[in-house]
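Enquirer: Fold the following, please.
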Amino acid sequence: MSLFWILLIFSAVSIFICRITPFFFANHSMLGNQDGRFYRFLTYSTQAMLGAIVYATAFFMRDIVQLLSEFALIDVVKIALLLLVFFGTLWTNRLLSAFLLALVIFVGFVLGVS
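Expert: Okay, here's the model as predicted:
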């Protein structure tokens, strides 16, 4: 198993643990307070790990220099869809709906180009 997949699995498990921990300890003062620092830390760390997973899977761990030197139409589509998901989530407050819409558009684009 490559390092990429090990990191991806570790990040996914970490996200899952950080997201469900507040539900198990909802009566505890540190995790039950949604305005508290610890709860915000778990939320922000989960979002950061999710962002790292999205970047790694969308752009195959390329840095900005590699991305710009090998820029292709598919990269434009990926960036546009990531922005669509971002603003769609802000507007509707529903991540899953925006993500599924972007996924359908991306799969349609890939199948249409092939």
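
Enquirer: helix or strand right after the worst-scoring helix or strand of the chain on mean pLDDT?
Expert: Comparing helices and strands within the chain by mean pLDDT, DSSP states H and E singles out helix 29-32 as the least confident, with a mean of 62. Along the chain past helix 29-32, the next helix or strand (assigned with DSSP states H and E) turns out to be helix 37-59.

Enquirer: quick one: residue 46 and residue 15 touch, right?
Expert: Yes: when contacts are counted by C-beta atoms under 8 Å, residue 46 is listed as touching residue 15 (5.1 Å). Every C-beta, even on glycine, is put in place using the N, C-alpha and C of the backbone.

Enquirer: which residues of this protein fall in helices?
Expert: Applying DSSP state H to the chain gives helices spanning 3-24, 29-32, 37-59, 64-69, 73-92, 95-113.

Enquirer: ranking those by mean pLDDT, which is last?
Expert: When the helices of the chain are compared by mean pLDDT, helix 29-32 comes last with a mean of 62.

Enquirer: per the record, what domains does this protein have?
Expert: Structural domains assigned to the chain are 1-61, 72-114, following automatic domain parsing.

Enquirer: now the first one, how far from the chain's geometric center?
Expert: With C-alpha atoms, centre = their mean, to the nearest Å as the basis, domain 1-61 stands 10 Å off its chain's centre.

Enquirer: I'm done for today, thanks for sticking with me.
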